[in-house]
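Enquirer: coords below, sequence missing:
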């Protein structure tokens, strides 16, 4: 009898045990460095996405490369990826291609990032701590697949797996959102300030997730600005 592929094992686990929770003023703590841990998220758009926005908050002292948000399909492991290769730099992937945004190096504070993309124009937006960076071009005319494995803390080099622990995240993460639409500048700032936001595919206040490995949910100790 053969072994089931990793993506099927992951999806079966998600279907079986994933629950919904309000994580207001809570965080995921990824404790080990390097780590095999990750958090699976349930987000299934009804149709392929021509627009999307992903936002999250992270708090870490890592200087090595690490993955924040990974959305993989069977056709493309980096369908959506937020990745930080080194201090002062973010990479935003859509459909396996990426653009780079250079930012000030973190000084021991929470960082809030939002990345938005629209197929029609190929415009990629990146916001750090409520401020927009210069927009860039990425994958004009592309469609983001809607059958995906979505996770925090690991980069998928295969559908639901293929992890490199030296690209894993260690630290704290919170306020994770995914919309199948672009957000206005006012809503981008609202996400940073933790104000009321439109309905989302992933929403921190009603997140369906499963923590795998050494990840725990704890109250937030240090407040992020606006949160």
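Expert: Yes, it's here. Nothing here was measured: the structure is a model prediction, and the numbers come from that model.

Enquirer: In contact with the spatially most central residue of the chain: list those residues for me.
Expert: The centroid of the chain falls nearest to residue 69 when counting by C-alpha atoms, centre = their mean (2.5 Å). By C-beta atoms under 8 Å, 6 or more residues apart in numbering, the contact set of residue 69 is 54, 56, 80-82, 150-152, 176. Placement of C-beta: from N, CA and C, glycine included.

Enquirer: is it in a bridge, and if so with what?
Expert: Taking DSSP bridges, one obtains residue 82, residue 152 as the residues bridged to residue 69.

Enquirer: what is the rounded mean pLDDT of the helix or strand containing residue 112?
Expert: Using DSSP states H and E, residue 112 sits within strand 111-118. Per-region confidence: strand 111-118 scores 99 on mean pLDDT.

Enquirer: closest to residue 109 among the contacts of residue 69?
Expert: When the contacts of residue 69 are ranked by distance to residue 109 (C-beta to C-beta), residue 56 comes first, at 14.8 Å.

Enquirer: That closest one reaches residue 176, doesn't it?
Expert: Yes - counting by C-beta atoms under 8 Å, residue 56 touches residue 176, with 4.5 Å between them.

Enquirer: Common neighbours of these two, please.
Expert: Listed as contacting both residue 56 and residue 176 by C-beta under 8 Å, 6+ apart are 69, 152.

Enquirer: higher neighbour count, those two?
Expert: Neighbour count, other C-beta atoms under 10 Å: between residue 56 and residue 176, residue 176 has more, with 25 against 22.

Enquirer: can you tell me how far the more buried one sits from residue 122?
Expert: Residue 176 sits 25 Å away from residue 122, going by C-beta to C-beta, to the nearest Å.

Enquirer: low-scoring stretches of the protein, by residue?
Expert: In the predicted model, the chain carries pLDDT under 70 at residues 1-17, 223-227.

Enquirer: Dump the contacts of residue 69 to CSV, plus distance to residue 40.
Expert: Listed next are the contacts of residue 69 as CSV, based on distance: C-beta to C-beta, whole Å:
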residue, distance to residue 40
54, 16
56, 15
80, 15
81, 16
82, 16
150, 7
151, 5
152, 8
176, 12
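
Enquirer: Assumed residue 187 was part of a strand.
Expert: No - counting by DSSP: H, G, I helix; E, B strand; the rest coil, residue 187 falls outside a strand, being helix.

Enquirer: count of residues packed around residue 130?
Expert: Burial measure for residue 130: 16 neighbouring residues, criterion other C-beta under 10 Å.

Enquirer: and the angle from the host helix or strand of residue 92 to strand 111-118?
Expert: Using DSSP H and E, residue 92 sits within strand 89-94. Using axes from the mean of the first three to the mean of the last three C-alpha atoms, to 10 degrees, one finds that strand 89-94 and strand 111-118 are set 30 degrees apart in direction.
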